[in-house]
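J.: requesting a structural model of the entry that follows:
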Amino acid sequence: MTANLILFVILAVIAVISALGMLFARNAIIAALFLIANFMTVAIMYLTLEAPFIAIAQVAVYAGAIMVLFLFVIMLLGAEQTGRTSVRWWLQPVSLIMGGLLMVEIFVIVLALFKTPPQVAALPEGFGSPLSVGETLFSSYVLPFEATSILLLIAMIGAIVLTKMEKK
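T.: Numbers count the residues shown, from 1 in each chain. You can find the predicted model right below:
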């Protein structure tokens, strides 16, 4: 076994445990902290794949900004304790069927990979580095990038307008 495979297995176990901890936590703040642990584990996986820009973006955007927003909203609304509601009768069989289908799909994909392993081409020097991503983003994809920033600005303004409550 190579060191990358051992590291991947360790990270995968940590990611699954933190995801399960997030799902089964009764306190919403603890669930958000488990989600941060999951985001950090995924960022380390990106580093092992030699994708430093995506790893940094994962930490800065998701584990940083998004989770701070989630924690702020959780604390603002006072929703620390998740209420356990009664489950509809049809949810459990549907979720078991969907989980079984997912397991069959994973099994088929793994079998297909063992029959004919994929041929991976060598990546060019500097592929995925912040410099190459920035050059591509601001040369080839500048219009979609700017359109996305305008769309996010409009969404933010809309959220502020919709949540603004007038005092009587």
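
J.: tell me the pLDDT of Ala51.
T.: pLDDT, Ala51: 84.

J.: can you pull out the helices in this protein?
T.: 3-24, 28-48, 52-57, 67-77, 91-115, 130-139, 142-163 (DSSP state H).

J.: and the first one, what does it pack against?
T.: Where contact means 3 or more CB pairs under 8 Å, 6 or more residues apart in numbering; DSSP states H and E, helix 3-24 is packed against helix 28-48. Where C-beta positions appear, they are placed from N, C-alpha and C, glycine not excepted.

J.: excluding its backbone neighbours, what's nearest the most centrally placed residue in the chain?
T.: Nearest to the geometric centre of the chain sits Phe39, at 6.2 Å (CA atoms, centre = their mean). Among residues not flanking Phe39 along the chain, Ala63 sits closest, at 4.1 Å (CB to CB, 6 or more residues apart in numbering).

J.: what's the burial count for that neighbour?
T.: Using other CB atoms under 10 Å, Ala63 has 18 neighbouring residues.

J.: again with the one 5 residues further on
T.: Taking other CB under 10 Å as the criterion, the count of residues near Val68 is 12.
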